[in-house]
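Undergrad: dropping the sequence and predicted coords here.
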2 protein chains.
Amino acid sequence: MKIGILGGGQLARMIALAGYPLGLKFIVLDPDVNAGAAGLSEHLLGAYDDADLLAELAEKADVVTYEFENVPAHVAEFLSSHTQVYPPAGALAVAQDRLLEKNFFKDLGIRTAPFAAIDSLADLEHAMGEIGYPAILKSRRMGYDGKGQVVIKSVDELAAAWQSMQGAASIVEGFVPFQREVSIIAARSPSGEIAYYPLSKNQHRGGILRVAECCTNDPEQTIAENYVSLLLEKLDYVGVIALELFDMNGELLANEFAPRVHNSGHWTIEGAETSQFENHLRAILDLPLGSTKPRGYAGMVNFIGGLADDTQLLSIPNAHLHLYDKAPRKGRKVAHATVRADSEKQYREALQLLANLALAVDES
Amino acid sequence: MKIGILGGGQLARMIALAGYPLGLKFIVLDPDVNAGAAGLSEHLLGAYDDADLLAELAEKADVVTYEFENVPAHVAEFLSSHTQVYPPAGALAVAQDRLLEKNFFKDLGIRTAPFAAIDSLADLEHAMGEIGYPAILKSRRMGYDGKGQVVIKSVDELAAAWQSMQGAASIVEGFVPFQREVSIIAARSPSGEIAYYPLSKNQHRGGILRVAECCTNDPEQTIAENYVSLLLEKLDYVGVIALELFDMNGELLANEFAPRVHNSGHWTIEGAETSQFENHLRAILDLPLGSTKPRGYAGMVNFIGGLADDTQLLSIPNAHLHLYDKAPRKGRKVAHATVRADSEKQYREALQLLANLALAVDES
């Protein structure tokens, strides 16, 4: 069985590493000759919308999946008309557009921060009267890791904020005074089976995820599962999904979802009985989903822009290194490390050591 | 950093899968175009003693290791003179010859079954007077999984037994009425750091390993560690080693050692904090060794000659599948499955289900 992946970066790399033990082979389409999954798969080298390469991908792969949500609609349609593609194109369409996404949450009865569609300065001025400061203006499409976003702190900044969007269809969202950011990762198979991971508690800085921790027996687990199950059913979803949420006084507000394996679930490689990568594969192949139970305490630290010395890192008890084979560059995720431990004390100590190492080499 | 591996079968495959997260790349030399590690590495296709390919392997790899012990001495010497080779050639030389190996144990003060060198029928007749029946006659070199061995039950069988060896230098070993077979897997780095895994309890049938189980807090752990540390120090060993032992009334007798990662340690992939494959790489790269602590209860079942239905297998809670990408053939190890669980009851149930599946498809 051959799995095609649109994108050959670290997520494809970790999907492939999880798939070899299941007897799978891989083919990736990626324009980067040094793509992290290249050594683990057949590599179609070229643009994501190269018609010939897409045809080859569809021809050679039994199932196609992707490692990013910004797959052009016509690409998803082309692939879907030639082979099995999971997650479904409909999930991509929603995830690609922040306004569609927020309205999708709203229609499902899932609370969000206040938001409004913005297509002009007049729209923005009007909306801000209701939403209040501070707020954040975002382009509806193609943004991640804090790009294409601007914070608005007062009425004086409205014009400049709108100008910075360069006329792009946008959305403004009110800030919510949340206590923590969490995400829930779940997998659904074509038969409708769903497996939910324990919540991840996520720490961002500069719009980039830094630390994610498994929250066993979290009081918000049930409501998060309810929310993500609404998404999965409505989208007739197949594969792994990640739903990011704000926890505000014990109430969860949906921020966004990613129709793919997600950075906040990397701790599942060692920290859960079955990793999100393996469960994504099990789901898209309609195999039974694996247990999502945590193995003790688990968390993950991202390395952004720079790598720690591997001898130093691997000397931390229970630390596990995951390099992406990417050259360090400002703001670039080049690796993560996980820690898994049976004792909370050992876990906390190791996570802190990892976080210190990451901070020391941080170039973001 | 590029790791060269002599042999590209399932052990090389699992070494490579453990090595990608550490940022390593691989090059294997294997005559089989369908070698299990081929998709995960640069593949030099040819005989293990092909001079040109060995030169290329030595040239391209920063460190060379191997997945089987029957590396011809001149090959090990050639590689050692051109690049770093771990484990050391001296360990190969001992492991390749059952007589050297038994004498090596003896010289270290490690007990074994009674044995004698056999180069003629007269030798055999003489030795059997001391060793007693039943006994087992083995060629000194090149035997695994029960090949090149013959059981002798009475004096009437001596001539036929010797004839079956076709004049090969041999060794006869007395049967020991052991209660169980165990093995200890350990890793040693160039700096002399040693990490010991919990004992594996191993069940063989027809000379082939069927089931291996992690024995946490085993009463024989300390003596096994002492034995394997004697080997590691004497051989100035670097990498993972496996020492197989008979447990007879609480006393351990050495059977043989393998200078490589070992089938009885496959449960460490999910069942230990760091797998034997990762620790082999950490050792040969002089990186800090990872924790060998077990993660709950863990064991492994081999699939010999045939594969279970993956849907059936993956529906067993906490079961993990490891396919080797090998076509099923009588007597061939084509996969293993592990189970890891926090409760002993869940572990036992899952292991039994796996063993039943393996038995149902057994072609050995």
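TA: Received it, and whenever you're ready, just let me know what you need.
Undergrad: and stretch A:193-207, end to end?
TA: As for stretch A:193-207, its first-to-last residue distance stands at 33 Å under the measure CA to CA, to the nearest Å.
Undergrad: that one: which residues count as buried?
TA: Neighbour counts using 16 or more other CB atoms under 10 Å in any protein chain shown place A:Ile194, A:Ala195, A:Tyr196, A:Tyr197, A:Pro198, A:Leu199, A:Ser200, A:Lys201, A:Asn202 of stretch A:193-207 among the buried residues. Every residue, glycine included, has its C-beta placed from N, CA and C.
Undergrad: equivalent analysis for stretch A:168-184, please.
TA: Applying a neighbour-count criterion of 16+ other CB under 10 Å, one finds A:168, A:170-176, A:178, A:181-184 buried in stretch A:168-184.
Undergrad: which residues of chain A score low on pLDDT?
TA: The model of chain A has pLDDT under 70 over residues A:143-147.
Undergrad: if we use 50, what do you get?
TA: Judged by pLDDT under 50, chain A has its weakly predicted residues at A:144-145.
Undergrad: can you tell me how far the residue of it positioned farthest from its centre sits from chain B?
TA: With distances taken from the mean C-alpha point of chain A and given as CA atoms, centre = their mean, the most distant residue is A:Asp156, at 33.9 Å. The gap separating A:Asp156 from chain B is 48 Å, by CB to the nearest CB, to the nearest Å.
Undergrad: with A:Tyr66 instead?
TA: Between A:Tyr66 and chain B the distance, using CB to the nearest CB, works out to 21 Å.
Undergrad: same check on A:Val176?
TA: In this view, A:Val176 and chain B are 36 Å apart by CB to the nearest CB.
Undergrad: can you check A:Pro328 too?
TA: Between A:Pro328 and chain B the distance is 12 Å, computed by CB to the nearest CB.
Undergrad: show me what contacts that residue?
TA: Counting by CB atoms under 8 Å, 6 or more residues apart in numbering or on different chains, A:Pro328 touches A:Gly305, A:Gly306, A:Leu307, A:Val334, A:Glu363.
Undergrad: repeat for A:Lys25
TA: Contacts of A:Lys25 were listed using CB under 8 Å, 6+ apart, and they are A:Met1, A:Lys2, A:Ile3, A:Ser41, A:Glu42, B:Gly39.
Undergrad: distance of it relative to A:Val63?
TA: From A:Lys25 over to A:Val63 the distance is 12 Å, taken as CB to CB, to the nearest Å.
Undergrad: anything in contact with each of the two?
TA: With the criterion set as CB under 8 Å, 6+ apart, the overlap between the contacts of A:Lys25 and A:Val63 is A:Met1, A:Ile3.
Undergrad: give me the contact list for the longest helix seen in chain A.
TA: Across chain A, the longest stretch assigned as helix under DSSP state H is helix A:344-360. Around helix A:344-360, the neighbours that count as contacts under CB under 8 Å, 6+ apart are A:210-211, A:213, A:296-299, A:301-304, A:308, A:312-313, A:316-319, A:337, A:339-341.
Undergrad: got a list of what A:Ala61 touches?
TA: A:Ala61 neighbours (CB under 8 Å, 6+ apart): A:Lys2, A:Ile3, A:Gly4, A:Ile27, A:Thr83.
Undergrad: tell me how many other residues surround the residue nearest to the fourth one when sequence neighbours are not counted.
TA: Taking CB to CB, 6 or more residues apart in numbering or on different chains as the measure, A:Ile27 lies nearest to A:Glu42, with 4.2 Å between them; neighbours along the chain are not counted. Neighbouring residues of A:Glu42 were enumerated by other CB atoms under 10 Å in any protein chain shown; the total is 17.
Undergrad: chain B contacts on the stretch 201-350 of chain A?
TA: Taking CB under 8 Å from any CB of the partner chain as the criterion, the stretch 201-350 of chain A approaches chain B at residues A:273-274, A:282, A:287-288, A:290-291, A:295-296, A:310-311, A:314-315, A:317-318, A:320-323, A:325, A:335, A:340, A:342.
Undergrad: and of the buried residues of stretch A:168-184, the nearest to chain B?
TA: A:Ile184 (21.4 Å; CB to the nearest CB).
Undergrad: now do the contacts for the closest one.
TA: By CB under 8 Å, 6+ apart, the contact list for A:Ile184 reads A:Tyr196, A:Tyr197, A:Leu199, A:Ser200, A:Gln221, A:Ala224, A:Glu225, A:Tyr227, A:Val228, A:Ala242, A:Leu243, A:Leu245.
Undergrad: got a list of what the first one touches?
TA: Going back to what we said before, that points to A:Tyr196. Taking CB under 8 Å, 6+ apart, we find A:Tyr196 in contact with A:Ile184, A:Ile185, A:Ala186, A:Gln221, A:Ala224, A:Glu225, A:Val228, A:Thr292.
Undergrad: what's near enough to touch the residue of the stretch 151-300 of chain A found nearest chain B?
TA: Of all residues in the stretch 151-300 of chain A, A:Pro288 sits closest to chain B, with a separation of 4.1 Å (CB to the nearest CB). Shown here is A:Pro288, whose contacts under the criterion CB under 8 Å, 6+ apart are A:Ser189, A:Glu193, A:Arg282, B:Thr311, B:Leu314, B:Ser315.
Undergrad: now those residues in JSON lines, with secondary structure and distance to A:Glu233?
TA: Rendered in JSON lines, the data for those read as follows (DSSP: H, G, I helix; E, B strand; the rest coil; distance: CB to CB, whole Å):
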{"residue": "A:Ser189", "secondary structure": "coil", "distance to A:Glu233": "13"}
{"residue": "A:Glu193", "secondary structure": "coil", "distance to A:Glu233": "12"}
{"residue": "A:Arg282", "secondary structure": "helix", "distance to A:Glu233": "19"}
{"residue": "B:Thr311", "secondary structure": "helix", "distance to A:Glu233": "23"}
{"residue": "B:Leu314", "secondary structure": "helix", "distance to A:Glu233": "23"}
{"residue": "B:Ser315", "secondary structure": "coil", "distance to A:Glu233": "23"}
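Undergrad: if you rank those by neighbours, which is first?
TA: Neighbour counts for the contacts of A:Pro288 peak at A:Arg282, which has 26 neighbours (criterion: other CB under 10 Å).
Undergrad: for A:Ala168, see how far away it is.
TA: From A:Arg282 over to A:Ala168 (counting by CB to CB), the distance is 38 Å.
Undergrad: and the nearest residue to A:Asn263 once chain neighbours are set aside, how many neighbours does it have?
TA: Among residues not flanking A:Asn263 along the chain, A:Leu209 sits closest, at 5.0 Å (CB to CB, 6+ apart). Here the number of neighbours of A:Leu209 (other CB under 10 Å) works out to 24.
Undergrad: and for the one 3 residues further on?
TA: Other residues within reach of A:Ala212 by the criterion other CB under 10 Å amount to 31.
Undergrad: got it, and the one 3 residues further on?
TA: The number of residues packed around A:Cys215, counting by other CB under 10 Å, is 20.
Undergrad: isn't it up against A:Glu181?
TA: No - using CB atoms under 8 Å, A:Cys215 and A:Glu181 do not qualify as a contacting pair, with a distance of 11.6 Å.
Undergrad: the residue nearest the centre of chain A: what's it in contact with?
TA: Residue closest to the mean C-alpha point of chain A, counted by CA atoms, centre = their mean, is A:His262 at 3.3 Å. A:His262 makes contact with A:Ser183, A:Ile185, A:Val240, A:Ala242, A:Gln276, according to CB under 8 Å, 6+ apart.
Undergrad: same thing but at 10 Å, please
TA: With CB atoms under 10 Å, 6 or more residues apart in numbering or on different chains as the criterion, the residues that contact A:His262 are A:11, A:183-185, A:200, A:202, A:209, A:212, A:240-244, A:268, A:276.
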